[in-house]
Structures are given as structure tokens and as C-alpha cells.
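Visitor: What follows is a predicted structure for the sequence shown.
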Amino acid sequence: MRNDELNLARKIIIALDVKNREEARAVLESLPAARLFKVGLELYTAEGPAMIDLVKSFGKEVFLDLKLHDIPNTVAGAVKSAVRHGVAMLTLHTSGGREMMKRAVEAARETAEKENKPLPLILGVTVLTSLKDSDLQEIGFSSDARNQVLRLARLAVEAGIEGIVCSPQELEPLRAELGSRVRIITPGIRPAWAEAQDQKRIMTPGEAIKKGADFLVIGRPITQAPVPREAFNRVLEELQSAVKGA
């Protein structure tokens, strides 16, 4: 794979939305060109930190997506553990507040320096892609999804967070608001040839890259394809076309 292809391949985060270690191993074996793999709540609860080790044993990087949301001291402790495991990225909920986010950033830096570990990119989750404006109103938020995302993203940056997770629909307003100061990771990515499934605010890979996404989280359209490697390459080709046409 050429260097430009490797760089684009690293923008694709493969969601290991599977039930156990065996299924995760099968996905890892089927996608040799992928560089980043997301370990989420279901798989981590089933298999624990051993999943981080499994992904790293394939020479891949880990995006630990547990969406931490607790009191500042508890979240700081969880971040320290994640740093010790050598994850490349990890998520927390920005709705946990300024102090929680600040403590998480401080804990990551202190632990990485003290234990000579790589400093992970801490990502602030704004509004889940499964939520619509009506869902936010139902749970007591007066803002629509777009304005809530912007509010939480501003707070996260003020707290020292360097990456934001948002729906691709908020990419343009976030870039306009924050410029290039933060990395933006977008779930809700579905190629035109894939079904939307349970996410509502979605976009194709090419569109998301053009609008400023740094990383794209893609799961079932690739992992559940008849030939995952071919599906991955198909997405990679779409990104190449999007970058050339930008």
C-alpha cells in the first residue's frame, strides 16, 4: 500500500461491534489494511482489557470507546488505566462537565509521562448519533442537536479536550466554530451502498471527509460485508476520489 493510501486507511476506524474475542479476531484477520479498531462497550464488557491486547497483537491501534461519564475522580482513574494499556484514543461524555474533562486530560498527560506511554487522543462525545431533536427535548434539553453539539464542543475545548465526536451533520458548523484546533471523529458513516440501520444522522465517507472529518467510524458496512477486505477497499477508493476532487 502506498503512503497516501496508508494515510487514508488510518482515517477509517473499524468498529469491532461484535460479541466476543473470537468474532473480533475474525474481523482483525479479515482486514489487514485497516490501522485503527474501535473497542466499544459491548465487547469490552464481554472480554475486558484483553481485547486491547488482542488488537495490538495484530500491530493495530486501539480506539477505546467507553464514553466515560462519572465523577471527575473516577473518570481520571479510568483514563489512567487506559493510558497504561496503551490505547491510541479514548472517549468520554462532554456532558460530564468541565471539571471531569479537565481531570481526564491531566490524568492522561501525567500517566503518559510517568510511565513512558504514548499520550492518547481524548475525545469528547457530544450528542449520540442515535438521538434526534425530539429525543433531546424528551430528556429535557431545550437546544436542538446542532446547537447542543456546538455548546458541548466549546466546553470540551476550553477544558483541554483535543478531539470531538459528533454526527457528520455537525461537521461544518464545528469546523466553522473551532477551525483546525481539534480532531473530529464521526460515527454515523454509511456508504451509499449500505443501510442506515440504527443511526439517524448519517453521511457517506466521501462527503464526511470533504466536510472536514479527520476520522470515520465504520462498522457493519465493512465487517458484515460478504468480503470485508473488498468493502474496506471500496470505502478507501471513495476517500481517494473525495480527496482528489476536493
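Guide: Yep, that arrived. Everything numeric here is computed off the predicted structure, so don't read it as measured data.

Visitor: now for the strand ranked longest in the chain, which elements pack on it?
Guide: Longest strand in the chain, counting residues (DSSP state E): strand 61-68. When contacts are defined as 3 or more Cβ pairs under 8 Å, 6 or more residues apart in numbering; DSSP states H and E, strand 61-68 sits against strand 36-40, helix 41-47, helix 50-57, helix 72-84, strand 89-93. (Each C-beta comes from the backbone N, C-alpha and C, glycine too.)

Visitor: so how far is it from its chain's centroid?
Guide: Counting by Cα atoms, centre = their mean, to the nearest Å, strand 61-68 is centred 7 Å from the centre of its parent chain.

Visitor: Touching that strand from outside, list them.
Guide: The contact list for strand 61-68 (Cβ atoms under 8 Å, 6 or more residues apart in numbering) reads 13, 35-41, 44, 52, 55-56, 75, 78-79, 82, 85-93, 96, 104, 120, 125, 217.

Visitor: Any of the residues you listed buried? List them.
Guide: Buried subset of those (neighbour count, 16 or more other Cβ atoms under 10 Å): 13, 35-40, 44, 52, 55-56, 75, 78-79, 82, 85-93, 96, 104, 120, 125, 217.

Visitor: what's near enough to touch the spatially most central residue of the chain?
Guide: Central residue of the chain (Cα atoms, centre = their mean): I185, 5.1 Å from the mean position. By Cβ under 8 Å, 6+ apart, the contact set of I185 is 13, 89, 123, 163-166, 213-217.

Visitor: Show the pLDDT at it.
Guide: Among the per-residue scores, I185 shows a pLDDT of 95.

Visitor: Can you tell me, leaving aside adjacent residues, what's nearest to it?
Guide: F215 (4.4 Å; Cβ to Cβ, 6 or more residues apart in numbering).

Visitor: gap between the residue nearest to the centre of the chain and G140?
Guide: 26 Å (Cβ to Cβ, to the nearest Å).

Visitor: do G48 as well
Guide: From G48 over to G140 (counting by Cβ to Cβ), the distance is 34 Å.

Visitor: Whichever strand or helix holds K114 to strand 89-93, inter-axis angle?
Guide: Using DSSP states H and E, K114 falls within helix 98-115. Relative orientation of helix 98-115 versus strand 89-93 (axes from the mean of the first three to the mean of the last three Cα atoms, to 10 degrees): 160 degrees.
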